[in-house]
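S.K.: kindly generate the corresponding structure for this input.
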Amino acid sequence: MKEDKHVLCDNTSDTGDGCSMLVELSDDDPFFDKKKVDLYFGQIDGMGLYSPRNEMEALNSMLSLINTSFSSQVHMQTHALQDLQDAIVKRIHEFGAKYKVENKIDKSYNCDKEKRLVEWAENNGVKTRLQIAYIEGAGRGAIAMEDLEVGDIAMEIPASIIISEDLVHKSDMYQILEKIDGMSSETMLLLWTMKEKHNCNSQFKIYFDTLPENFNTGLSFGVEAIMALDGTLLFEEIMQAKEHLRVQYDEVFPALSKDHPDIFPEKHYTWEQFLWACELWYANSMKIMFADGKLRTCLIPVAGFLNHSLHPHIVHYGKVDSATNSLKFSLSSPCSVGEQCCLSYGRFSGSHLVTFYGFLPQGDNPYDVIPLDFDVDSTDDCPLSNWTTHMVRGTWLSNNQSIFYYGLPSPLLDFLRRARSPMPLTKTLIEANLEVDKQVLEDLQSTFNDMLENLGDTDLVDRKNASWDVKLALEFKEMQRRIFSSITTSCSTGVQLVEYELSKCKAEDKDKVLAR
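M.R.: Reported below is the predicted structural model:
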């Protein structure tokens, strides 16, 4: 079978040689996995991998290169670099202002526990320019206490207070757990957490005291909320995730509690406690590269209050600075005093965020995609269209609604066209191409009309008196409905475009016949 490849075009700056770079990415390439959605939807109008997040990352990469270049430049070049630096910083400010979100702080919320945690953290070397507050619609978050600029460090956490697997290795349970086949470091951390939260002498007692009794993620959805998700893929995702966790729990309990009751007391190792620990680590953990070069899954006191945003202030934060042995959260976008300072949890879809974090982000999430199941022909010779998976998202995110594009992803349309016609197709206004496009659009419209119908009617639910999980389930379902509706609308509009061009082609053919 031919290896699937995808080409990334990276245009370099104007250096006088007019060079550019072509990088071939395979499906198992880590970079491809991170950028898959951007690559898939980025083949329209030569826009490449443009997205607000990619734009911000590109500007910050340029800024970083300029900063490292200052020391090696002569006086005249330094002036040019300074001008370029100022221009990029100005662009970042404009970009940040465009996506700035106004938040309202609930001053009635008692933040005493959070204040004690910050005091404990500062006594242990933490430096922060953020204040913990309760934000309406978002829960606890971090607010800037002063105006912060691009490159400023909003928070610095010493590695000594980061919770990682090293703590498990020092505990009395490690000698037992390391002998169990298939026991991962992540599972060890879960079991350590379940006991440590009850330890009155724990180094992290103040941290555990600030944690909620319930995390309210999709893993805690009740029956009514699960049923409200009927007709969505999230229904299956949550059911499968909960089943996986239950199997994982049953593999070690109650056996561990029976064999080692002093180390794993039953009262601390119930299914409910296990699920709580899972939600804690899913919703609050970060992957951190330590100074020894090892990547560890960690809990980071105080930093866990930073909320996710589609337009975050902090993007790169996953590596401990070897010089200071601390984790620094530097800003990629400015944050004004009183503004909530956010970071990025990753390029996650709404379904992932609901399942493991318990929220949907504000704004249009470009990673809210609907995967489509097709039997892809692996013998296709077109490298740019040879995808093993296909997907759609809200067509309002596309800048190209014209003929042959319709706001839909090119890889999907090309695949469906090839399935309809074995002959090579070009984007030219001839009858054969238009007939194929009409069939493709009508099939897609029919498919997504059925999916819309399967979502059912959510207006019958009493939202005002609904529980938190039902409200979140309905919010997700409405987001799915909006995506499905945009696709059916784009298909309908596309069919009209095609029929108009078909009528022109047929009229021209008729004129040619009459001219003979």
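S.K.: from now on I want contacts and neighbour counts done on CA atoms only, so please keep to that.
M.R.: Noted.
S.K.: what domains does the record give for the protein?
M.R.: Domain assignment for the chain, taken from automatic domain parsing, gives 5-98, 103-162+300-359, 163-299, 370-515.
S.K.: mind putting those in CSV, mean neighbour count and mean pLDDT included?
M.R.: Supplementary listing: the domains of the chain in CSV, determined by neighbours: other Cα atoms under 10 Å; pLDDT from 0 to 100:
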stretch, mean neighbour count, mean pLDDT
domain 5-98, 14, 64
domain 103-162+300-359, 19, 94
domain 163-299, 16, 95
domain 370-515, 16, 86
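S.K.: report the separation between R420 and R116.
M.R.: 65 Å (Cα to Cα, to the nearest Å).
S.K.: one more: F41?
M.R.: Plainly put, F41 is 46 Å away from R116 if you go by Cα to Cα.
S.K.: could you do E243 as well?
M.R.: Going from E243 to R116 by Cα to Cα gives 38 Å.
S.K.: would you map the helices across the stretch 251-400 of the chain?
M.R.: Using DSSP state H, counting those that start in this stretch, the helices of the stretch 251-400 of the chain run over 255-259, 271-284, 350-356.
S.K.: would a markdown table of those helices with distance to I105 be doable?
M.R.: Shown next, in a markdown table, are the helices of the stretch 251-400 of the chain (distance: least, Cα to Cα, whole Å):
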| stretch | distance to I105 |
| --- | --- |
| helix 255-259 | 44 |
| helix 271-284 | 22 |
| helix 350-356 | 23 |
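S.K.: give me the contacts around stretch 184-198.
M.R.: For stretch 184-198, contacts defined as Cα atoms under 8 Å, 6 or more residues apart in numbering pick out 164-165, 168, 173-174, 177, 202, 205, 208, 264, 268-269, 273-274, 277-278, 281, 297.
S.K.: hmm, try it at 6 Å
M.R.: For stretch 184-198, contacts defined as Cα atoms under 6 Å, 6 or more residues apart in numbering pick out 208, 277.
S.K.: begin at 21 from here
M.R.: From this message on, residue numbering opens at 21, which makes the last subject stretch 204-218.
S.K.: export only the CA atoms of that stretch, formatted as CSV.
M.R.: Included here for stretch 204-218 are C-alpha records, laid out as CSV according to Å, rounded to 0.1, in the frame of the first residue of the first chain:
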residue,chain,number,x,y,z
SER,A,204,1.2,2.9,33.1
SER,A,205,2.7,6.0,34.8
GLU,A,206,-0.6,7.8,34.2
THR,A,207,-2.6,5.1,36.1
MET,A,208,-0.1,5.3,38.9
LEU,A,209,-0.7,9.0,39.2
LEU,A,210,-4.4,8.5,39.3
LEU,A,211,-4.1,6.0,42.2
TRP,A,212,-1.6,8.3,44.0
THR,A,213,-3.9,11.2,43.7
MET,A,214,-6.9,9.3,45.1
LYS,A,215,-5.0,8.7,48.3
GLU,A,216,-3.0,11.9,48.5
LYS,A,217,-6.1,14.1,48.5
HIS,A,218,-7.0,12.6,51.9
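S.K.: report the distance from that stretch to the chain centre.
M.R.: 26 Å (Cα atoms, centre = their mean, to the nearest Å).
S.K.: now what about stretch 130-138, what contacts it?
M.R.: With contacts defined as Cα under 6 Å, 6+ apart, stretch 130-138 is touched by 226, 230.
S.K.: at 7 Å what do you get?
M.R.: Stretch 130-138 is contacted from outside by 152-153, 226-227, 230, 322, using Cα atoms under 7 Å, 6 or more residues apart in numbering.
S.K.: tell me where the stretch 421-536 of the chain has strands.
M.R.: Using DSSP state E, counting those that start in this stretch, the stretch 421-536 of the chain contains no strands.
S.K.: my bad, the stretch 71-220 of the chain
M.R.: Along the stretch 71-220 of the chain, counting by DSSP E, counting those that start in this stretch, strands occupy 147-148, 150-155, 159-164, 173-178.
S.K.: let me have those in JSON lines, extended by distance to E521.
M.R.: Output for the strands of the stretch 71-220 of the chain, formatted as JSON lines (distance: least, Cα to Cα, whole Å):
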{"stretch": "strand 147-148", "distance to E521": "61"}
{"stretch": "strand 150-155", "distance to E521": "52"}
{"stretch": "strand 159-164", "distance to E521": "53"}
{"stretch": "strand 173-178", "distance to E521": "56"}
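S.K.: quick revisit: of all the helices of the stretch 271-420 of the chain, which one is nearest S352?
M.R.: Closest approach to S352 among the helices of the stretch 271-420 of the chain is made by helix 291-304 (21.2 Å; Cα to Cα).
S.K.: what helices and strands are in contact with the closest one?
M.R.: helix 205-216, helix 370-376 (3 or more Cα pairs under 7 Å, 6 or more residues apart in numbering; DSSP states H and E).
S.K.: again, 10 Å this time
M.R.: Identification of packing neighbours for helix 291-304 by 3 or more Cα pairs under 10 Å, 6 or more residues apart in numbering; DSSP states H and E yields helix 205-216, helix 253-272, strand 315-318, helix 370-376.
S.K.: what residues does the second one touch?
M.R.: To tie it back to what came earlier, the one meant is helix 253-272. Contact partners of helix 253-272, identified using Cα atoms under 10 Å, 6 or more residues apart in numbering, comprise 197, 200, 203, 207, 237-241, 245-250, 289-291, 294-295, 298, 370-372, 374-376, 390-391, 493, 496-497, 500.
S.K.: could you rerun that using 8 Å?
M.R.: Helix 253-272 is contacted from outside by 238-239, 246-247, 249, 291, 294-295, 371, 375, using Cα under 8 Å, 6+ apart.
S.K.: need the residues you listed in CSV (columns: distance to L436).
M.R.: Converted to CSV, those look like this (distance: Cα to Cα, whole Å):
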residue, distance to L436
G238, 34
L239, 36
I246, 33
M247, 33
L249, 29
W291, 46
F294, 45
L295, 43
S371, 26
T375, 32
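S.K.: out of the residues you listed, which is nearest to A452?
M.R.: When those are compared for distance to A452 (Cα to Cα), S371 wins out at 39.4 Å.
S.K.: please name the residues that touch that closest one.
M.R.: Each residue near S371 by Cα under 8 Å, 6+ apart is listed here: 254, 388, 496.
S.K.: one more time with 10 Å
M.R.: Taking Cα under 10 Å, 6+ apart as the criterion, S371 is in contact with 238, 252-255, 257-258, 377-380, 387-389, 493, 496-497, 500.
S.K.: OK, contacts around L492?
M.R.: Contacts for L492 were tallied using Cα under 10 Å, 6+ apart; they are 236-238, 241, 245, 248-249, 374, 378-380, 486, 498.
S.K.: please apply the same query to F294.
M.R.: Counting by Cα under 10 Å, 6+ apart, the residues that F294 touches are 210-211, 213-214, 265-266, 268-269, 288, 300.
S.K.: ok, so what distance separates it from A100?
M.R.: For F294 relative to A100 (Cα to Cα), the value is 58 Å.
S.K.: cool, L326 as well?
M.R.: 37 Å.
S.K.: all helices for the stretch 21-170 of the chain, in order.
M.R.: Using DSSP H, counting those that start in this stretch, helices in the stretch 21-170 of the chain cover 50-61, 72-89, 95-118, 132-143.
S.K.: right, and these - which one's nearest D457?
M.R.: When those are compared by Cα to Cα, helix 50-61 sits nearest D457, at 18.7 Å.
S.K.: now do the phi/psi pair for Y425.
M.R.: Dihedral angles of Y425 (phi, psi; degrees, to the nearest 10) stand at phi -120, psi -60.
S.K.: thought it was touching V515?
M.R.: No. Using Cα atoms under 10 Å, Y425 is not in contact with V515; the gap is 11.4 Å.
S.K.: list residues touching both of the two?
M.R.: Joint contacts of Y425 and V515 (Cα under 10 Å, 6+ apart) are D457.
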